[in-house]
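Trainee: Here is a sequence with its predicted model. Questions after.
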Amino acid sequence: MEMCIEKPGNVNYLFVLFRIFVLGLISLFILRTVTLLSFGNKEVFANYFSDIVRAYGVGLRFDAKVLAIGLLPLLVFAIISIPFSSARYTRVFLKIAFSYSFALFLAIFLIGYINFYFYKFFQVNINVLVFGILEDDTSAILKSVWTDYPILLILTIISVVGLCIWQALKICVYRCGPRKFYLSYWLRFSGVLTVVLFWAFMARGSFETSPLDARSTTISTNEFVNSLASNGVFALKTAFSDKKASKINPNSAQFLLDLGFKDSNQALSSYLGVDPSCPVEGLDCFSITDTSNSLLNAKPNVVFILMEGFSQYYYNLNSAKFNVLCGLDTMLEQSQAYVFNRIVSSCATTIYSLENLLIGTPISPISQSEYYNNPFSTAVTKPFKDNGYTTSFVTGGKLGWRNLDKFLVNQYFDSAEGDAALKRYCNDAKSCEWGIHDESIYERVMQKLNESKGTPQFIFALTISHHTPFDIPVDYEAPALVLPNELKQRLRTDEALACKGLKAFQYANYCLVNFLKDLQKSPLAANTIVAITGDHNTLQFVNFDANDLLIKHSVPFIVLAPTRYRPMHDVDSQIIGSHRNVFPTIFNLALSNTQYFNTGESLINPKGVKSNFGVYNYNTFYSSSGVVVAKEPPLYFVWDSINKNRLSPVSQPSQELLELRQRANAYVATMGCEIIKQITPTKQKVH
């Protein structure tokens, strides 16, 4: 291919750079279009076409920003090189320009490709969850990637795209551009200055007061359309910024300001719904359960089960042909269990939901921070310890996961047992990538209940079997599953992989049902309360749109209580809530005259449940009035008049939605301030 060897005095280096810049824009445009065609559905194209066009416009600015910053060293080199236009120097410049651009474009593509699969799994662009690969069980995650994704195809695509980038850059860099620019000094100076100003604008991305940032991606009420506006590199940059911002800071002032409160008293007043002008002395986030002689005379055992990926969406689809519950629904109906089906999880990952349930924190992960051995009086185990309970944590996972072994012993647990303990105590414990399968978890829970010798037990169980790579025991005979059309139409992956995950979900429920049957057959049934919820929904296989914000993040919350512990009044199982309501509900069923950290309303208490709200990810708020996504600018939704679980966007929020946003933000601020207040420089272990 002919080399561009120019005469002295030309500015062809900048034309080479311009061609590279345009190639980058075209490449990112293609990647964005692949994302749109892969994940966009008919509704998106039909109802949000104008928003898609706007997303492409904003996306062009994000792409230009990334490329302008990435190519900045090459711009500086090109400007410095203008006076040096010998054939030899030109060859050096072009070689450096080609090598640098190829490395940059390949890196941008790889990050974009990772973002593509990240969205496929989590239905959001890269965010702080990406760091879980390093903070989680990395080897297990990598095995899941190997088994769940077509690695050979992915590597082939990367190789082909890399070759295409190589060839396209050869054309851009080595193709002859305009020659012999015999320009005056001032024209050359003006041209270079124009390029520099243009580059500065591209790098800033905006003429407005603030540069282009993550806030600019909120251009639609459809979350998928908003995700199109960004790109993988910018999403990763934002994830790093969010990760840095999420570092636990014992100074609560900035935390409050970020949520719109000048101090903790203002946040507390707003959360509790009292006049902010009134004094807040004596007010706090701790409540006391009612006095009950029956509870004092016969303290119930309490088993709380946090199930991996316990999806309300899958639960709702259960049928004779799609039997994923293995009779759980029938058993719950016969037991007159409370089944709350409009509950959202705290977060989209296990550790964040686990810590929120355990100590009520919106700041995570504490278990992997310098405060891992700090005891919190907000811990849900403390009210049970105060009532003479033996408290245990049981999981099939590796107890060193996320530093749990060191964190749990400081949160009023008498014991914490993982896969090593299950291998010791359980016969025929079956291994999987993440530890020991669920059936052994329940076997160990029954052992603890049977060995209690009259001492009431609180057992917190964390299951693991419904987790990618979904390697359930080979001897499990799964009933056949016929996928309903509703699910088929929403699948975002091939049906074989989805069925593998569904069989793991089925197996997890099979183990739960067997445990409940064993419990019902034993004398323990008369004085044991069992509460069950999911750590998060399963987002890997199913497409959810912006109007599915409830079903997308909802998990069942189930309470089985013997008659003697059940309230006399009716309980509304259709109430909207979240993990914040789980333990207040349990405390008010099981404990008498006991102080507890009040993260939310008790769902069995008719007082106040009408004003209840749910919180997902500390930025999405749910109530009977609708949903608020607290971005900048916020998104507001109201419930569909026909389908109670679907939403419709509104441009002008009602007063109820504005109050929901204010009170839910106050909840996050108040919970966070309480946790920060309890972080002390001197770490003392709980004995």
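Mentor: In hand now; what should we look at? Model, not experiment: these values are computed from the prediction. Numbering: from 1, shown residues only.
Trainee: what stretches of the stretch 101-250 of the chain score poorly on pLDDT?
Mentor: By pLDDT under 70, the weakly predicted segments of the stretch 101-250 of the chain are 132-141, 176-188, 209, 245-247.
Trainee: State the helix or strand in which I114 lies.
Mentor: Following DSSP states H and E, the helix or strand that holds I114 is helix 87-122.
Trainee: for that helix, packing partners?
Mentor: Packing contacts for helix 87-122, counted by 3 or more Cβ pairs under 8 Å, 6 or more residues apart in numbering; DSSP states H and E, involve helix 12-39, helix 49-70, helix 72-81, helix 151-174, helix 232-245. All C-beta atoms are positioned from the backbone trio N, CA, C, and that covers glycine.
Trainee: Could I get these in JSON lines, plus columns for distance to S190?
Mentor: Shown next, in JSON lines, are the helices and strands packed on helix 87-122 (distance: least, Cβ to Cβ, whole Å):
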{"stretch": "helix 12-39", "distance to S190": "13"}
{"stretch": "helix 49-70", "distance to S190": "20"}
{"stretch": "helix 72-81", "distance to S190": "13"}
{"stretch": "helix 151-174", "distance to S190": "25"}
{"stretch": "helix 232-245", "distance to S190": "32"}
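Trainee: would you list those in CSV and tack on distance to N485 and mean neighbour count?
Mentor: Formatted as CSV, the helices and strands packed on helix 87-122 follow (distance: least, Cβ to Cβ, whole Å; neighbours: other Cβ atoms under 10 Å):
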stretch, distance to N485, mean neighbour count
helix 12-39, 20, 18
helix 49-70, 26, 19
helix 72-81, 52, 16
helix 151-174, 28, 14
helix 232-245, 33, 17
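Trainee: between those, which one is nearest to C499?
Mentor: Ranking the helices and strands packed on helix 87-122 by distance to C499, with Cβ to Cβ as the measure, places helix 151-174 first at 19.7 Å.
Trainee: Check which helices and strands that closest one is in contact with.
Mentor: Using 3+ Cβ pairs under 8 Å, 6+ apart as the test, helix 151-174 ends up in contact with helix 12-39, helix 87-122.
Trainee: could you check the angle helix 49-70 makes with the longest one?
Mentor: Spelled out, it's helix 87-122. With axes from the mean of the first three to the mean of the last three Cα atoms, to 10 degrees defining the directions, helix 87-122 sits at 140 degrees from helix 49-70.
Trainee: now the angle from helix 87-122 to helix 72-81?
Mentor: Relative orientation of helix 87-122 versus helix 72-81 (the same axes, to 10 degrees): 170 degrees.
Trainee: quick one: contacts for L169?
Mentor: Counting by Cβ atoms under 8 Å, 6 or more residues apart in numbering, L169 makes contact with I20, L23, F98, S101, F102, F105.
Trainee: ugh, typo on my part, it should be G626
Mentor: Y636, F637, V638, W639, L647, V650, S654, E656, L657, L660.
Trainee: pLDDT (mean, whole number) over the strand or helix carrying the second one?
Mentor: Translated: F637. Here F637 is covered by strand 635-639, with elements defined by DSSP H and E. For strand 635-639, mean pLDDT rounds to 96.
Trainee: and what of stretch 495-506?
Mentor: Rounded mean pLDDT across stretch 495-506 is 94.
Trainee: Ok, which of the helices and strands packed on helix 87-122 comes nearest N222?
Mentor: helix 49-70 (6.4 Å).
Trainee: Which strands and helices lie in contact with the closest one?
Mentor: Judged by 3+ Cβ pairs under 8 Å, 6+ apart, helix 49-70 is in contact with helix 12-39, helix 87-122, helix 185-204, helix 223-229, helix 232-245.
Trainee: Between those, which one is closest to L449.
Mentor: Closest to L449 of the helices and strands packed on helix 49-70, according to Cβ to Cβ: helix 87-122, at 36.7 Å.
Trainee: Buried residues of that closest one, list them for me.
Mentor: 90, 93-94, 96-98, 100-102, 104-106, 108-109, 111-113, 115-116, 118-122 (16 or more other Cβ atoms under 10 Å).
Trainee: what's the offset of that helix from the middle of its chain?
Mentor: 29 Å (Cα atoms, centre = their mean, to the nearest Å).
Trainee: just to revisit the earlier point, take the helices and strands packed on helix 151-174 and lay them out in TSV including distance to E601.
Mentor: Listed next are the helices and strands packed on helix 151-174 as TSV, based on distance: least, Cβ to Cβ, whole Å:
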stretch	distance to E601
helix 12-39	37
helix 87-122	29
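Trainee: circling back: which one of the contacts of G626 sits closest to K453?
Mentor: Nearest to K453 among the contacts of G626, counting by Cβ to Cβ, is L660 at 47.9 Å.
Trainee: burial count for that closest one?
Mentor: 24 (other Cβ atoms under 10 Å).
Trainee: That one is in contact with F613, isn't it?
Mentor: Yes: look at L660 against F613 with Cβ atoms under 8 Å: they come within range, at 5.9 Å.
Trainee: quick one: common contacting residues for these two?
Mentor: Shared contacts of L660 and F613, defined by Cβ under 8 Å, 6+ apart, are found at F621, S623.
Trainee: Please pull out the lowest mean pLDDT helix or strand from this protein.
Mentor: helix 132-135 (a mean of 63; mean pLDDT, DSSP states H and E).
Trainee: What segments of the stretch 451-600 of the chain are strands?
Mentor: Taking DSSP state E, counting those that start in this stretch, the strands of the stretch 451-600 of the chain run over residues 457-462, 528-534, 557-560, 577-578, 595-597.
Trainee: what are the pairing partners of the third one, and which direction each?
Mentor: Think strand 557-560. Paired strands of strand 557-560, with direction, are strand 338-340 (antiparallel), strand 528-534 (antiparallel) (DSSP bridges).
Trainee: how about the ones you listed, which one is nearest V161?
Mentor: Closest to V161 of these, according to Cβ to Cβ: strand 528-534, at 37.7 Å.
Trainee: Could you export that closest one as PDB, CA atoms only?
Mentor: Output of strand 528-534 as PDB, limited to C-alpha atoms (Å, rounded to 0.1, in the frame of the first residue of the first chain):
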ATOM      1  CA  THR A 528     -41.300 -23.300  64.600                       C
ATOM      2  CA  ILE A 529     -41.800 -20.300  62.400                       C
ATOM      3  CA  VAL A 530     -40.300 -20.500  58.900                       C
ATOM      4  CA  ALA A 531     -39.700 -17.400  56.800                       C
ATOM      5  CA  ILE A 532     -38.400 -17.500  53.200                       C
ATOM      6  CA  THR A 533     -37.400 -15.000  50.600                       C
ATOM      7  CA  GLY A 534     -35.000 -14.600  47.700                       C
END
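Trainee: Any chance you could list what contacts it?
Mentor: Here strand 528-534 makes contact (Cβ under 8 Å, 6+ apart) with 300-312, 343, 345, 449, 512, 516, 519, 555-562, 565, 579, 582, 585-586, 589-590.
Trainee: what's the answer for stretch 367-380, then?
Mentor: 135, 248, 351, 355, 357-361, 366, 402-404, 406-407, 410-412, 460, 583, 586, 596-597, 674-675, 678-680, 683-686.
Trainee: what's the first-to-last distance across it?
Mentor: Terminal residues of stretch 367-380 are spaced 16 Å apart (Cα to Cα, to the nearest Å).
Trainee: re the thing from before, strand partners of the strand holding F637, parallel vs antiparallel please.
Mentor: Strand 635-639 has these partner strands in its sheet, going by DSSP bridges: strand 626-629 (antiparallel), strand 647-650 (antiparallel).
Trainee: So which of the ones you listed has the densest surroundings on average?
Mentor: Each of those was scored by mean neighbour count; the highest is strand 626-629, a mean of 23, by mean count of other Cβ atoms under 10 Å.
Trainee: Now do it, average pLDDT.
Mentor: Rounded mean pLDDT across strand 626-629 is 96.
Trainee: rewinding a little: how about a markdown table for the helices and strands packed on helix 49-70, with distance to L153 added?
Mentor: Shown next, in a markdown table, are the helices and strands packed on helix 49-70 (distance: least, Cβ to Cβ, whole Å):
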| stretch | distance to L153 |
| --- | --- |
| helix 12-39 | 14 |
| helix 87-122 | 12 |
| helix 185-204 | 35 |
| helix 223-229 | 23 |
| helix 232-245 | 19 |
